[in-house]
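Novice: coordinates only, sequence not included:
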């Protein structure tokens, strides 16, 4: 497999290097939704991957977690079906080391990263997803340790209503609606859905309800955008957290979020100001025995609120960005106790373009201060070199950090204890790569990366009879190669009538090592994805039919490997769309974490009905 991935790597390099030969057809540029200096994707010297709505809608996926599994370097570990519980890692990281954002606003959970993907966002209302890997993610601030995932939801598209229904295996039904209404000064969109499944094995049933509202108000003073949503889920958790010894686990989680962004109108076109505030609430009720709440029960409620402001000044000598952020988190828990903390970040960034914009320099530094963790300075720089109008080389290096979660600090049970003296984890990441820019027919990126983590948290104990206790003990290094290529054959001259619409291939090879020797009793385990290969093929035929096939191969450092294939057939009309999809076509018996086996072969079908005013 490693030889095959390396061969694919050299194929990617040749495609990218030769891409500049036929680059006369350009695509509309996308401005990355960052919290600092915003630049178009074509000028961003970083390995950012974007999945847009047109690509997502024909994917054979049912959840945000499944969408993210198509990206090389992103490690999604699901427990159960349809992303009902899923953890996100990037380049060997843990689920606590990835920052999750919605419309540029941080939505990560302060109790534990297990809840980071509990979002009221359905795939059909996603405009695009921006995946930021490595040190370039530092622009999103604290906790973007290994990277950041930014989900951008769709704005209102006029006065429209859509209804969605789906059914299939195993005992699965789903219904949802999206409604949008525009006026002269406002845009409004509401999305609601409910799904449930009887489960594919004992105690893997679930129910999930999502509700999301998004609005915009345009006035002479500026534009106010706001998002509010709630996600309510309950699921049987057969072996999810404590292994097969406890097959009757059960969990109910309610997550609510609110965010508002204000961009004031300014008469100075060289000045841009953006202010945000946000609130996130999460309630988690966990039972070790579903039918016996008194045996063992954890109830956690946590909330996070924050505000930030960013100011960007454009000038002949470059672009200067400055800003700050304040956040507050609190938890009330039967297992962790009652705690709160606050923190703030201030930053400055500068972007300079030289030699007719052939070279770009993006240095920056941020200062973080958190209750109990002190103050830290995190410098970094992104460098870009435009080889041609369609080819950009880049180099990134910089520091990132993650503050311990409330679970790291305070979790207590008969076998574990917390450690309020934990320090933040730090990382130094470096990356070099090359990518195509603004090409309609080819979108490709190849990069070599390295990340060294310092003061990584491990749970250790001195003897078999002691409790596990988290400590900062390790330095861990990850390095590897990643590539992602999308070909759109229909955009090539003379190939407009052939059926192949899109071909996407991705790969990642990741190595890891621990500096020093593990203690005798340690829970630290290197089980990252060593080899990862993804592929999607989309065919359009008979004008209204599309057929997509997706393949994912994953091999972990511990030796486990699996190959999963999915497929989806869609018929799209002016008012009605029909789909049929099959997941895990070969019936692969596999697990992504903790030996929680994933569903076998399943089939589902559905309909979408659209109305417009």
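Specialist: Noted; the coordinates are in hand. Keep in mind the model is a prediction, meaning the values are calculated, not measured. Numbering: from 1, shown residues only.
Novice: Please make it C-alpha for all contacts and neighbour counts, starting now.
Specialist: Will do.
Novice: Name the residue closest to the centre of this structure, please.
Specialist: Centroid check for the chain by C-alpha atoms, centre = their mean gives residue 149 as the closest residue, at 3.3 Å.
Novice: Show me what the host helix or strand of that residue is packed against.
Specialist: In this structure, residue 149 sits in strand 147-153 according to DSSP states H and E. The contact analysis (3 or more C-alpha pairs under 8 Å, 6 or more residues apart in numbering; DSSP states H and E) places strand 147-153 against strand 98-102, strand 126-133.
Novice: quick one: average confidence on it?
Specialist: Taken as a whole, strand 147-153 has a mean pLDDT of 95.
Novice: now the angle between strand 98-102 and it, please.
Specialist: Angle, strand 147-153 to strand 98-102, by axes from the mean of the first three to the mean of the last three C-alpha atoms, to 10 degrees: 10 degrees.
Novice: in its sheet, what does strand 147-153 sit against?
Specialist: Strands that pair with strand 147-153, judged by DSSP bridges, come out as strand 98-102 (parallel), strand 126-133 (antiparallel).
Novice: what's next to the shortest one, contact-wise?
Specialist: In other words, strand 98-102. 88-90, 106-108, 116-117, 143-153 (C-alpha atoms under 8 Å, 6 or more residues apart in numbering).
Novice: please redo it, this time with the cut-off set to 7 Å
Specialist: 88-90, 106-108, 116, 143-152 (C-alpha atoms under 7 Å, 6 or more residues apart in numbering).
Novice: what mean pLDDT does that strand have?
Specialist: Strand 98-102 comes out at a mean pLDDT of 95.
Novice: residues of it that come out buried?
Specialist: Neighbour-count burial for strand 98-102, counted by 16 or more other C-alpha atoms under 10 Å, picks out 98-102.
Novice: Report the secondary structure element holding the closest residue to residue 207 other than its chain neighbours.
Specialist: Counting by C-alpha to C-alpha, 6 or more residues apart in numbering, residue 196 is the residue found nearest to residue 207 once chain neighbours are left out, at 4.1 Å. Per DSSP H and E: residue 196 is located in strand 186-197.
Novice: returning to what we had before: you'd agree the residue nearest to residue 207 is up against residue 172?
Specialist: Yes: Residue 196 is within contact range of residue 172, at 5.7 Å (criterion: C-alpha atoms under 7 Å).
Novice: Can you name the element that comes right after the lowest-mean-pLDDT helix or strand in the chain?
Specialist: Every helix and strand in the chain was compared by mean pLDDT, DSSP states H and E; the lowest is helix 2-17, with a mean of 52. Later in the chain than helix 2-17, the nearest helix or strand by DSSP H and E is strand 49-52.
Novice: Give the buried residues for whichever helix or strand comes after that following strand.
Specialist: Next along the chain after strand 49-52, taking DSSP H and E as the criterion, comes helix 53-57. Residues of helix 53-57 classed as buried: 53, 56 (neighbour count, 16+ other C-alpha under 10 Å).
Novice: Make 36 the starting number, not 1.
Specialist: Fine by me, first position is 36 from now on; the one you just mentioned is helix 88-92.
Novice: What are the contacting residues of the following helix or strand past helix 88-92?
Specialist: Once the chain leaves helix 88-92, the next helix or strand it forms, by DSSP H and E, is helix 99-103. By C-alpha under 7 Å, 6+ apart, the surrounding residues in contact with helix 99-103 are 96, 109, 111, 118, 121, 158.
Novice: can you check stretch 352-364 too?
Specialist: 71-72, 145, 338-349, 375-388.
Novice: got it, and stretch 233-247?
Specialist: For stretch 233-247, using C-alpha under 7 Å, 6+ apart, the contacting residues are 115, 155-156, 205-207, 225-232, 263-273, 283, 634.
Novice: now stretch 490-498
Specialist: Under C-alpha under 7 Å, 6+ apart, the answer for stretch 490-498 is 460-461, 502-510, 556-559.
Novice: in the host helix or strand of residue 287, what's buried?
Specialist: In the assignment (DSSP H and E), residue 287 maps to strand 285-299. Within strand 285-299, the residues that count as buried by 16+ other C-alpha under 10 Å are 285-299.
Novice: any idea how far that strand is from the chain center?
Specialist: Centroid separation for strand 285-299 versus its chain: 16 Å, with C-alpha atoms, centre = their mean, to the nearest Å.
Novice: how far away is residue 567 from residue 437?
Specialist: Per C-alpha to C-alpha, to the nearest Å, residue 567 is found 26 Å from residue 437.
Novice: more crowded one of these two?
Specialist: residue 567 (26 against 21; other C-alpha atoms under 10 Å).
Novice: can you pull up the bridge partners for the more buried one?
Specialist: With DSSP bridges as the rule, residue 567 is bridged to residue 543, residue 589.
Novice: for it, what are its contacts?
Specialist: 107, 542-544, 588-590 are the contacts of residue 567 under C-alpha under 7 Å, 6+ apart.
Novice: Which of these ranks first by neighbour count?
Specialist: Most surrounded of the contacts of residue 567: other C-alpha under 10 Å gives residue 543, at 29 neighbours.
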